[in-house]
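# Sequence plus predicted model, see below.
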Amino acid sequence: AQKITQTQPGMFVQEKEAVTLDCTYDTSDPSYGLFWYKQPSSGEMIFLIYQGSYDQQNATEGRYSLNFQKARKSANLVISASQLGDSAMYFCAMRDNNNDMRFGAGTRLTVKP
Amino acid sequence: DVKVTQSSRYLVKRTGEKVFLECVQDMDHENMFWYRQDPGLGLRLIYFSYDVKMKEKGDIPEGYSVSREKKERFSLILESASTNQTSMYLCASSPLARKYFGPGTRLTVT
């Protein structure tokens, strides 16, 4: 069974600094997709970034980038120049060909002014 | 913009009641999903549907059922609500891999 692990229940970062949120995954399928979602206190799930297992380049979307290390099975999210509005829960997720998307337990990020 | 709506943001029900959570999407997506979210456990898949009248069990289907009579609507049913079903319920729809989520329903069973 696929498994997503986020080892950091909570993280703090100073405003304007960069922060890395960890995510490791486990799958035997050669084809899979990795996702990061943000959930602010309002509860909505906001899609941030996607990385395909065959993508050669690390995905980037504005201040978000995904540090994809396939051999280590890690897909860490890097947020550059943190803003107060980045404070939220962040979920890593994976979808492979055998299963629907599965989510990690989440990391609560707090940006300090 | 894709819009996924859920019938209630907050719901309080008594143990043993039958509970319906409704989800509607307006983008003609074939795939729809129900998750529950609990602290420390992330999102867990309850049921999903790839087509009208079609349903598949997710990781934690016990105590739940679903209905998909129309493409745009996917309902989650708690036949006899129990206190351990107190949770945040999230509906999602997707054309392919990426999911679009509704705002969530926070259900409390007393």
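All right, it came through fine. Since the structure is predicted, the reported quantities are computational estimates derived from the model, not experimental observations.
# which stretches of the chain form strands?
No chain specified, so I'll use chain A. A:3-5, A:10-14, A:19-21, A:24-26, A:32-39, A:46-52, A:60-61, A:64-69, A:74-79, A:88-96, A:102-103, A:107-112 (DSSP state E).
# Can you look at chain B instead?
B:4-6, B:10-13, B:19-25, B:31-38, B:42-49, B:56-57, B:65-70, B:73-78, B:87-94, B:100-101, B:105-109.
# A:Ala71: which of the ones you listed is closest?
strand B:42-49 (24.8 Å; C-beta to C-beta). To be clear about C-beta, it is placed using only N, CA and C from the backbone, and glycine gets the same treatment.
# name the helices or strands packed onto the lowest-mean-pLDDT helix or strand in chain A?
When the helices and strands of chain A are scored by mean pLDDT, DSSP states H and E, strand A:102-103 comes last with a mean of 88. Counting contacts by 3 or more C-beta pairs under 8 Å, 6 or more residues apart in numbering or on different chains; DSSP states H and E, strand A:102-103 packs against strand A:3-5, strand A:88-96, strand B:42-49.
# tell me the most buried of those?
When the helices and strands packed on strand A:102-103 are scored by mean count of other C-beta atoms under 10 Å in any protein chain shown, the highest mean neighbour count falls to strand A:88-96 (a mean of 23).
# Within the sheet, what are the partner strands of that strand, with directions?
strand A:32-39 (antiparallel), strand A:102-103 (antiparallel), strand A:107-112 (antiparallel) (DSSP bridges).
# pLDDT weak spots in chain B?
Residues of chain B that meet the criterion pLDDT under 70 lie in B:1-2.
# and it, which of its residues are near chain A?
By C-beta under 8 Å from any C-beta of the partner chain, the part of chain B that sits against chain A consists of B:9, B:33, B:35, B:40-45, B:48, B:58-59, B:88, B:90, B:92, B:97-104, B:106.
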